[in-house]
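Enquirer: Dropping a prediction and its sequence here:
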Amino acid sequence: MVKKIFIKTFGCQMNEYDSNRIFDTVKEIGFEKTDKYEDANCYLLNTCHIRDKAKEKVYHEIGRVKKIFRSKEKPIIIVAGCVAQAENQEMLKREPYIDIVIGPQSYHKINEVILKHSNDKKKEEETEFDTISKFNYLSKIKNKDSKVSSFLTIQEGCDKFCHFCVVPYTRGPEYSRPFQQIINEAKELVEAGAKEIILLGQNVNAYSYNVQNTEFRLSDLLLELDSFDQLERVRYTTSHPKDMTEDLLNVYKQSTKLMPLVHLPVQSGSNKILKLMNRKHTIEEYLKVYENLKSINPKIEFSSDFIIGYPDENEEDFKKTMELIEKVKFTNSYSFIFSPRPGTVAAELKLVDPKKSKGRLEIIQKKLFKNQIKKNKSLEGKVLNVLVENKMKDGIKLFGRTEYMTSVIFDGNIDCIGKIVQVEITSSNQNSLFGKLQESIKKKVA
Ligand code: SAM
Ligand code: SF4
Ligand code: F3S
C-alpha cells in the first residue's frame with residue numbers, strides 16, 4: 001500500500017523550506033504527498049510560535065484531524081516546528097492523539113522516528129539542537145523543490161535575543177551552513193528549474209562560515225550565485241539592520257541578479273523602544289543603511305516589520321514610527337501588536353492598554369496600505385519585468401512577481417512559466433497588479 005503524508009505548514013519561509021526537505025526525506029521510506037486530510041496515513045503539522053495563541057492553534061488543528069478520522073484508522077500524528085521545540089514533552093501529555101513531537105533541528109532523524117513508532121507504537125520526542133547533523137544529512141538528500149522561485153536556508157538560529165522574540169529559544173544558536181554545501185544545493189535547484197533563489201535565515205545577513213582562516217559571508221554567496229547562467233533573480237531574507245555590513249551593501253553595486261527590494265525589519269521608529277527591545281541599533285544607524293543603499297541605487301526599496309504596543313510605547317514613540325514610515329515609504333510591510341512570548345524578557349513587562357495598541361495598529365496599517373495602494377497605482381500603464389511562477393487556480397491566468405515581489409496576474413500561455421516576460425500593467429489593488437503580456441513577447445513564447 002502507498003503511504004501518504006499530509007503536511008500543513010504555519011509560520012515563516014524557513015518552515016516552508018523545512019517542510020519541503022521533510023518531504024524529500026520521508027519519500028525515502030515510501031511516502032507520497034497528499035493534499036486531502038482523509039487520505040493521510042501520516043499527518044505532519046509544522047508549527048510557528050512567534051505570536052498569539054500559537055499553542056492553542058496547534059491543539060485546535062489536531063482536534064480537527066481527530067474529528068475527520070473519528071471512524072477511520074488514525075494516521076501517525078507528528079507535530080514539528082517551533083511550538084514542538086518550545087513545548088516538547090508537554091504536548092504528548094496534553095494531547096494523547098499526538099504520536100511524535102520533533103523540533104526544527106532534528107529533522108534528519110524523522111525517518112528513524114517514524115519507523116520506530118510504526119513498530120513499537122510508542123510516543124517519540126526529538127528536540128535536541130543538532131543543526132550540523134541536520135544540514136549534513138539534508139545535503140545528502142537531493143533538494144527536489146522544482147519551483148520557479150525556491151527557498152534555500154543558509155543560516156539558522158539567532159544569538160541576538162531581542163526581548164520580545166522566541167526564535168533564539170526555538171531555533172537555537174546561530175549556525176551558518178558550509179559555503180560549498182549551499183552552492184551545491186543552489187546548483188541542484190537551478191537544474192530542477194529554479195529561476196529565482198531566496199536565501200533564508202532568521203538572521204540571514206549574519207551568515208559567516210570560516211574555513212582555513214577565510215571567512216565567507218552572505219556577500220560571497222550572493223556574488224557566487226551571480227555567476228549562475230540559468231538563474232535570473234536572487235533575494236535574501238530576513239536581515240537584521242546591525243548586520244548590513246559594507247561588503248553586503250557593495251554587492252548592490254556589482255550584482256546583476258540581486259533584486260532591489262530590501263526587507264529590513266525595524267520594529268519601531270523610537271530609539272527608546274529599540275533599546276528596550278534590545279535591538280542593538282538606533283534609528284540613525286538604520287537610516288544610514290537606507291541612505292547608503294539609496295545612493296548606490298535609488299531604485300532600491302525597503303519593506304519592514306513593525307511591532308506596535310511594545311511595553312512602554314507611548315504616543316511620542318508611536319509618532320516616531322509614523323515619521324519613519326513617512327520618510328522611508330516602506331512597501332509590502334508587516335505590522336503586529338506585541339504578543340508576550342513565554343520565556344522571553346518582555347513577557348514579564350506591563351502591557352500597553354490593548355485598546356491603545358489596537359488603535360495604533362489601525363493607524364499604522366492605514367498608512368502602510370495607503371502607501372502600497374499609491375505605489376501600485378503609479379505602476380498602471382508601465383511595462384514591468386515579471387518572473388512567471390505558475391498558473392492561477394482558475395487555470396486561465398498566470399501568476400508572477402515584479403522585481404519588488406509584487407504579485408502580477410495576467411493572461412498568457414503556460415510557455416511563459418519560468419521566464420521573465422514584459423507585462424503592461426492595466427489595473428491594481430493593494431496587493432496585486434493586473435496586466436497584459438506585451439505583443440512582441442506573446443509571439444516569441446507562442
Ligand atoms: N530576525 C528578524 C529580525 O530581527 O528582524 C525577524 C524574525 S521574526 C521571525 C519576524 C517578525 O515577527 C519580527 O520582525 C517581528 O516583527 C515579529 N515578532 C517577533 N516576535 C514578536 C512578538 N512577540 N510580538 C509581535 N511580533 C513579533
Ligand atoms: Fe528574533 Fe531578534 Fe533574532 Fe530576529 S534578531 S530572530 S527578532 S531575536
Ligand atoms: Fe515562527 Fe519559528 Fe519561523 S517561531 S516565524 S516558524 S522561526
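Expert: It's in. Ligands and ions are numbered 1, 2, ... in the order given.
Enquirer: Which residue ranges of the stretch 301-446 of the chain form helices?
Expert: Per DSSP state H, counting those that start in this stretch, the stretch 301-446 of the chain carries helices over the ranges 315-328, 354-378, 439-445.
Enquirer: Looking at those helices, which is nearest to ligand 2?
Expert: Ranking the helices of the stretch 301-446 of the chain by proximity to ligand 2 (Cβ to the nearest ligand atom) places helix 315-328 first, at 16.3 Å. C-betas here are computed from N, CA, C, even on glycine.
Enquirer: Grab the CA positions of the closest one and hand them over as PDB.
Expert: Only the C-alpha atoms of helix 315-328 are listed here, as PDB (Å, rounded to 0.1, in the frame of the first residue of the first chain):
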ATOM      1  CA  GLU A 315       2.200  58.400  21.700                       C
ATOM      2  CA  GLU A 316       5.500  60.100  21.200                       C
ATOM      3  CA  ASP A 317       7.200  56.800  20.400                       C
ATOM      4  CA  PHE A 318       4.400  55.800  18.000                       C
ATOM      5  CA  LYS A 319       4.600  59.200  16.300                       C
ATOM      6  CA  LYS A 320       8.300  58.500  15.600                       C
ATOM      7  CA  THR A 321       7.400  55.200  13.900                       C
ATOM      8  CA  MET A 322       4.900  57.000  11.800                       C
ATOM      9  CA  GLU A 323       7.500  59.600  10.900                       C
ATOM     10  CA  LEU A 324       9.900  56.800   9.800                       C
ATOM     11  CA  ILE A 325       7.300  55.300   7.500                       C
ATOM     12  CA  GLU A 326       6.700  58.800   6.000                       C
ATOM     13  CA  LYS A 327      10.400  59.100   5.300                       C
ATOM     14  CA  VAL A 328      11.200  55.600   4.000                       C
END
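Enquirer: how many other residues sit next to the residue in the stretch 1-150 of the chain positioned nearest to ligand 2?
Expert: Ranking the residues of the stretch 1-150 of the chain by distance to ligand 2 (Cβ to the nearest ligand atom) places Ile50 first, at 8.5 Å. Counted with other Cβ atoms under 10 Å, residues neighbouring Ile50 total 18.
Enquirer: Do a quick rundown of the strands in the stretch 51-200 of the chain.
Expert: Secondary structure of the stretch 51-200 of the chain, counting by DSSP state E, counting those that start in this stretch: strands at 76-80, 100-102, 124-126, 149-153, 155-156, 175-176, 196-200.
Enquirer: Could you export those strands as CSV, including mean pLDDT?
Expert: Listed next are these as CSV, based on pLDDT from 0 to 100:
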stretch, mean pLDDT
strand 76-80, 97
strand 100-102, 97
strand 124-126, 94
strand 149-153, 97
strand 155-156, 96
strand 175-176, 96
strand 196-200, 98
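Enquirer: out of those strands, nearest to Ser208?
Expert: strand 175-176 (5.4 Å; Cβ to Cβ).
Enquirer: contacts for the closest one?
Expert: If you take Cβ atoms under 8 Å, 6 or more residues apart in numbering as the criterion, strand 175-176 is touched by 131-132, 135, 154-157, 206-209.
Enquirer: Mind giving me the PyMOL command for buried ones among those residues?
Expert: Buried members of these, defined by 16 or more other Cβ atoms under 10 Å, are picked up in PyMOL with:
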select buried, resi 131+135+154+155+156+157+206+207+209
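Enquirer: quick one: which two of the contacts of strand 175-176 are the most distant?
Expert: Taking Cβ to Cβ as the measure, these span a maximum distance of 16.9 Å, between Ile132 and Ala206.
Enquirer: Tell me how this protein divides into domains.
Expert: 3-130, 142-259, 287-376, 383-445 (automatic domain parsing).
Enquirer: In TSV: these, plus distance to ligand 3.
Expert: Below are these laid out as TSV (distance: least, Cβ to the nearest ligand atom, whole Å):
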stretch	distance to ligand 3
domain 3-130	3
domain 142-259	5
domain 287-376	9
domain 383-445	18
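Enquirer: Where among these is average confidence lowest?
Expert: Across those, domain 383-445 has the smallest mean pLDDT, namely a mean of 90.
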